[in-house]
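# build me a model:
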Amino acid sequence: MGFVISLRIAAVALAASVSACAVGPDFKRPAPPAATGYGSAPSQGETSSVEGTAGEAQRFVAGMDVPAEWWTLFQSPALSRLVEAALKGNPNVDSAKAALRQAHELYIAQRASYFPTIQAGFSADRSEYATNSISNPTVSPSSIYSLYTAQLSLSYAPDVFGGTRRLVEAAKAQEDNSRYQLEATYLTLSSNVVVTAVQEASLRGQIAATERLLELQHQLTESVRGQQALGTASELDLLTQQSAEAQTAAGLPPLQKQVGQARDALTALLGRLPSEEPEESFNLDELTLPRDLPVSLPSQLVAQRPDVRAAEENLHAASAQAGVALANMLPQFTIDGDIGSAALKLGQLFTPGNGFWDVGASLTQTLFDAGALLHKRRAADAALDEAGAQYRAAVILACQNVADTLRALKADADALKASAEADRAARVTLDLARAQYQLGAISLVAVLNSEQTYQQAQLAMVQAQANRYSDTAGLFQALGGGWWNRPPGSLR
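Just a heads-up that it's a prediction; the model follows:
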């Protein structure tokens, strides 16, 4: 009967605590930026264009949504396969998933503090009392006796001032933070795969350009050797040309080393050892440059960027912890109850006359702790200010990333156009120089200068082509990667 009364008291206290107000600040999402653009960074119109690989004009489309699998816009099945493989095999993804599961379980565990704790216990004691000092504590004539006790204990702390609710609120915010951290891991990983694949393609293009120039120089070396045999070229001319050919050849090993390192990096992104290198390889002319590019407003961006959303949840958790610190300074209430049975013989448990119960409530208020609770509250307020500043920094960084990428998209399109024109001019100049050298109209030094100019133009064009692909991947990453358009649970 008494234990039932205790349960009723706990139920009433639970209902009262749930309906009561929680102390501390009520969290409100920060207002989104009021800016309508990214300053002087281009957010409309289109980039310049040129014929050839990665030469298409790209159009900025305000308000266009970001697809979840944005990497498929490059129209490379090999690239799409590697991104999907990385999202499934990279250990950083598994780590982020485990962190999310942990945060979820901690939230569920914290939510259990809303309810009373009921424990069952059983004890058996064998004792002897001092017959010359105390009276017989039992009805047994012997000084040695056994005591068996079975009981249920209830303990409940009513959430009068909302401290428990704030703790649950903080745990939920931490779970949401872990969820956005997982999305950030997906976004960073997919972007790194795309950029590394583009880097590999760029290096292969630079190797191909160097090999083409090396072939031209070898032809010229043989031509000079033939002219020396005829007496129309000196040994110095031959040595000079051989030196130029050797210098160009010396540029190949560093490029080949970088390709190997890019392959190693790509393999690691897939969550594999170097011996498990993927079969897929990449060249720039196998990729397609997306034509339409989304440009989200800053007010949309803060809802799309997983790092900004994670910072927002950190701010939410800090707000809740400030409420917890305040609640800890106020009176603390507890309700306790016990019901059970005690007997000298095990078989007499739960028989009439052996039952017992108790129920009680307590209130405690800290009167002196040398200022510990006060300073903990001030520390929680400082942590809230810190989280607010970190959130603002995350918003600024997100907008900066988009602005930087928009500038890069326009500038690198112009750079590719200029590089293509320089490459065409350098090739024509080299052809004319070689023809004139064969006729004896110009010196070998002029031909070598033309070769060097052509090589630099080739390498610059390949790098400019790669930059456009990397810029495009960078924009999709800066805009958040479209995770909100992915079917729920598709990567869980």
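# run through who's touching the helix or strand Ala86 falls within.
If you go by DSSP states H and E, Ala86 is part of helix 77-89. Helix 77-89 is contacted from outside by 69, 71-72, 93, 186, 189-190, 193-194, 197, 266, 269-272, 278, 280-282, 286-287, 491, using C-beta atoms under 8 Å, 6 or more residues apart in numbering. Just so you know, the C-beta spots here come from the backbone N, C-alpha and C atoms, and that holds for glycine as well.
# same check on stretch 480-490?
By C-beta under 8 Å, 6+ apart, stretch 480-490 touches 65-70, 183, 186-187, 190-191, 296, 301, 304-306, 476.
# and that stretch, what's buried?
480-483 (16 or more other C-beta atoms under 10 Å).
# okay if I get the residues you listed as JSON lines plus distance to Thr334 and pLDDT?
What follows is the buried residues of stretch 480-490, written out as JSON lines (distance: C-beta to C-beta, whole Å; pLDDT from 0 to 100):
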{"residue": "Gly480", "distance to Thr334": "47", "pLDDT": "96"}
{"residue": "Gly481", "distance to Thr334": "49", "pLDDT": "95"}
{"residue": "Gly482", "distance to Thr334": "50", "pLDDT": "94"}
{"residue": "Trp483", "distance to Thr334": "44", "pLDDT": "94"}
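# ok, so of the residues you listed, who is nearest Ala170?
Trp483 (24.2 Å; C-beta to C-beta).
# buried subset of the contacts of stretch 480-490?
Buried residues within the contacts of stretch 480-490, defined by neighbour count using 16+ other C-beta under 10 Å: 66-68, 70, 183, 186-187, 190-191, 296, 301, 304-306, 476.
# from those residues, pick the one nearest Leu255.
Ser191 (23.9 Å).
# quick one: the strands in the chain?
Counting by DSSP state E, one finds strands in the chain at the ranges 45-46, 59-62, 117-128, 144-156, 292-295, 332-343, 355-364.
# what does the fifth one contact?
Contact partners of strand 292-295, identified using C-beta under 8 Å, 6+ apart, comprise 43-44, 58-66, 402, 406, 409, 472, 475, 479.
# quick one: buried residues of stretch 150-161?
Within stretch 150-161, judged by 16+ other C-beta under 10 Å, the buried ones are 150-151, 153-154, 156-161.
# shaky segments in the stretch 351-492 of the chain?
Filtered on pLDDT under 70, the stretch 351-492 of the chain yields the residue ranges 489-492.
# could you pull out the helices in it for me?
372-438, 444-478 (DSSP state H, counting those that start in this stretch).
# and if you look at the stretch 1-150 of the chain?
Using DSSP H, counting those that start in this stretch, helices in the stretch 1-150 of the chain cover 2-19, 77-89, 91-111.
# worst average pLDDT in those?
With a mean of 48, helix 2-19 has the lowest mean pLDDT of those.
# now Glu277: how far from Ala379?
Using C-beta to C-beta, to the nearest Å, Glu277 is found at 51 Å from Ala379.
# do Ala464 as well
Ala464 is 52 Å from Ala379, where distance means C-beta to C-beta.
# next: Val224.
Distance from Val224 to Ala379, counting by C-beta to C-beta: 79 Å.
# looking at the two, which is more packed in?
A side-by-side neighbour count of Val224 and Ala379, using other C-beta atoms under 10 Å, places Val224 first with 23 against 13.
# next one, pLDDT for that one please.
82.
# that older thread, buried only: go through the contacts of helix 77-89 for me.
So, by 16+ other C-beta under 10 Å, the buried ones in the contacts of helix 77-89 are 71, 93, 186, 189-190, 193-194, 197, 266, 269-272, 278, 280, 282, 286-287, 491.
# restricted to helices, list those residues.
If you go by DSSP state H, these have 93, 186, 189-190, 193-194, 197, 266, 269 in helices.
# farthest-apart pair in the residues you listed, please.
The most widely separated members of these, counting by C-beta to C-beta, are Val93 and Ala197 (18.2 Å).
# circling back to that earlier point, as TSV, the buried residues of stretch 150-161 with pLDDT would be great.
Listed next are the buried residues of stretch 150-161 as TSV, based on pLDDT from 0 to 100:
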residue	pLDDT
Ala150	95
Gln151	95
Ser153	96
Leu154	96
Tyr156	96
Ala157	94
Pro158	94
Asp159	94
Val160	93
Phe161	94
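# from these, which two are the most distant?
Spatially, the most separated pair among those is Ala150 and Phe161, at 36.0 Å (C-beta to C-beta).
# skipping adjacent residues, who's closest to Arg225 in space?
Closest residue in space to Arg225, ignoring its immediate chain neighbours: Leu238 at 5.9 Å, by C-beta to C-beta, 6 or more residues apart in numbering.
# same thing with Ser299?
Spatial nearest neighbour of Ser299, excluding adjacent residues (C-beta to C-beta, 6+ apart): Pro32 at 3.8 Å.
# ok, back up a step: please identify the deepest-packed of the helices of the stretch 351-492 of the chain.
Mean neighbour count, computed with mean count of other C-beta atoms under 10 Å, is highest for helix 444-478 among the helices of the stretch 351-492 of the chain, reaching a mean of 22.
# who are the neighbours of it, in terms of helices and strands?
Counting contacts by 3 or more C-beta pairs under 8 Å, 6 or more residues apart in numbering; DSSP states H and E, helix 444-478 packs against helix 163-230, helix 235-250, strand 292-295, helix 372-438.
# so which bits of the shortest one are buried?
Neighbour counts over strand 292-295 (16+ other C-beta under 10 Å) mark 293-295 as buried.
# how near is Ala96 to Asp412?
Distance, Ala96 to Asp412, by C-beta to C-beta: 32 Å.
# circling back to that earlier point, list just the nearest of the ones in helices among the buried ones among the contacts of helix 77-89 to Ile207.
Ala197 (15.7 Å).
# so that closest one is in contact with Phe282, correct?
Yes. Contact criterion C-beta atoms under 8 Å: Ala197 and Phe282 qualify, at 4.7 Å.
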